[in-house]
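Q: Build me a model:
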Amino acid sequence: MKKIKVALLATAVLPLVLCSCRNEQEAIKIGALLSLTGDIAEYGQRAKKGIDLAVEEINTEGGVKGQKINIIYEDTKGSPKDGVNGAQKLVLDKNIRMIIGTISSSVTLAVEPITTANKVILFSPAASNPKLSGISKYFFRNWTSDDLEAAVLADYTFGNLEIKDVAVIFVNNDYGLGLSSRFKQRFEELGGVIHTMETYPQNESDFKTQIAKVKTYNPSAIYLAGYHREMAYATKQIREMGINCQILGDADYGVQELLEITGNTSEGAIFSIPSADFFDKVTPFKQRFMDKYGSEPSIFEANGYDTVYILCKAIESVGFNTDDISGYISSIKDYSGASGLQSYTKDGDVVKPIFIKQVKNNQFIIIQQ
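A: Prediction:
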């Protein structure tokens, strides 16, 4: 039996036709719950591009087990309510045993009980809240937990930068709460001081109130935990209000648009990000993506792409039983995917190298790996 070959960072993808044990005219359905419209549509659309590229490659080479892959999309609109509605619709189709999604932690937390109750695999390319670790044997994610990302940044801030006091400004949802609480916990464990924890609503663009309060503490650094546009506007306003301290950010700080918004105000900012080496190499995946879409992929596109290949590899290896698929994904070690080297745990978490990057001359430069 021929085997489908999985995307490697250094080699081309060669998914070959496998023998079919089902009707060859029947497509393998995989659900996808993504924020295709709404406040965080950009991230859902990014993941969708990666998913669509992977499906195109696999189907062009004959599919998996002689069957094409068909992605059934449902739009969560970035809302837990719409996510639940989409999940309920997908699980009613008994041919859908795997769902890719969701993008936000809040929506994922709302959807997971539905997929678990129906023994459907839920594989998120972006949800990062620590509450999701070990939540279900049917849940996986290839974005690292906030616990890991935020702790690495706290260690670097306290140890390498020798910064002992920080103020935190974070988006008031499960994403921001997960990052900020873990950063605070780890930083204080090391002996550091967190002056204040200031929140803001998602999609905020005016941070003057939060920044004015932070300024009274004269912190050595400000940690921004949110989405890239929010952090970009906050960065500009921090500098405009005369604060020259170190700016810290989460992985979303590495989205190219942030540099376009901030101009030179983000110079010197530091952030932690999983698999940062992915951005600095021209891999076969990156080249194919640029050929198809005319732009460079981000970690969201790469993670979406990897979810498809991992699920297809699981089907090829163990079939369609979701208990077997769960066991297979949990056993993956040192898989070289589009988004970098990754292993999976029994808690459904991915383990990837966490890098520290800095904005230098309008570029993102690795400063620790």
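Q: Quick check: Ile100 touching Lys48?
A: No - the pair Ile100 / Lys48 is not scored as a contact, 9.4 Å apart, by Cβ atoms under 8 Å. Every residue, glycine included, has its C-beta placed from N, CA and C.
Q: Torsion angles phi and psi at Thr199?
A: When read as degrees, to the nearest 10, the backbone of Thr199 gives phi -110, psi 160.
Q: Do I have it right that it meets Gly176?
A: Yes - contact criterion Cβ under 8 Å: Thr199 and Gly176 qualify, at 7.4 Å.
Q: Please name every helix or strand in contact with the one helix or strand Ile273 maps to.
A: In the assignment (DSSP states H and E), Ile273 maps to strand 270-274. Applying 3 or more Cβ pairs under 8 Å, 6 or more residues apart in numbering; DSSP states H and E, one finds that strand 270-274 contacts helix 146-155, strand 246-249, strand 354-360.
Q: Output the first one as CSV, restricted to C-alpha atoms.
A: This file holds the C-alpha atoms of helix 146-155, laid out as CSV (Å, rounded to 0.1, in the frame of the first residue of the first chain):
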residue,chain,number,x,y,z
ASP,A,146,-0.5,30.3,26.9
ASP,A,147,1.2,28.6,29.9
LEU,A,148,4.2,27.8,27.8
GLU,A,149,4.4,31.0,25.7
ALA,A,150,3.9,33.5,28.6
ALA,A,151,6.2,31.6,31.0
VAL,A,152,9.1,31.7,28.5
LEU,A,153,8.6,35.5,28.0
ALA,A,154,8.5,36.0,31.8
ASP,A,155,11.7,34.0,32.2
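Q: all numbers from here: first residue = 432
A: Okay, residue one is now 432; in that scheme the one you just asked about reads as helix 577-586.
Q: what's the angle from the helix or strand that comes right after it to helix 577-586?
A: Sequence order places strand 596-602 as the next helix or strand after helix 577-586, per DSSP H and E. If you take axes from the mean of the first three to the mean of the last three Cα atoms, to 10 degrees, strand 596-602 sits at 150 degrees to helix 577-586.
Q: ok so, going back, where do the contact lists of Ile531 and Lys479 overlap?
A: Ala463, Leu465, Gly735 (Cβ atoms under 8 Å, 6 or more residues apart in numbering).
Q: Could you write me a PyMOL select line covering just the buried ones among the residues you listed?
A: Selecting only the buried entries of the shared contacts of Ile531 and Lys479 in PyMOL, with 16 or more other Cβ atoms under 10 Å as the criterion:
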select buried, resi 463+465+735
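Q: Could you look up the SS state of Gly509?
A: coil (DSSP: H, G, I helix; E, B strand; the rest coil).
Q: ok, now how distant is it from Phe614?
A: 24 Å (Cβ to Cβ, to the nearest Å).
Q: circling back to that earlier point, any chance of the helices and strands packed on strand 701-705 in TSV, with mean pLDDT too?
A: Below are those laid out as TSV (pLDDT from 0 to 100):
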stretch	mean pLDDT
helix 577-586	94
strand 677-680	98
strand 785-791	95
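Q: could I get the ones you listed as TSV with mean neighbour count?
A: Formatted as TSV, these follow (neighbours: other Cβ atoms under 10 Å):
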stretch	mean neighbour count
helix 577-586	24
strand 677-680	24
strand 785-791	21
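Q: Which one of these lies nearest to Leu621?
A: With Cβ to Cβ as the criterion, Leu621 lies closest to helix 577-586 of those, at 6.8 Å.
Q: The closest one packs against which elements?
A: Short answer (3+ Cβ pairs under 8 Å, 6+ apart): helix 577-586 packs on helix 605-620, strand 701-705, strand 785-791.
Q: count of neighbours near Phe795?
A: For Phe795, the neighbour count with other Cβ atoms under 10 Å is 23.
Q: oh, I was asking about Thr507
A: 32.
Q: and if you look at the one 3 residues further on?
A: Close neighbours of Ser510, defined as other Cβ under 10 Å, add up to 19.
Q: roughly how far apart are the residue lying closest to Ile674 once chain neighbours are set aside and Thr575?
A: Excluding the flanking residues, the one nearest Ile674 by Cβ to Cβ, 6 or more residues apart in numbering is Lys646, at 5.8 Å. Distance from Lys646 to Thr575, counting by Cβ to Cβ: 32 Å.
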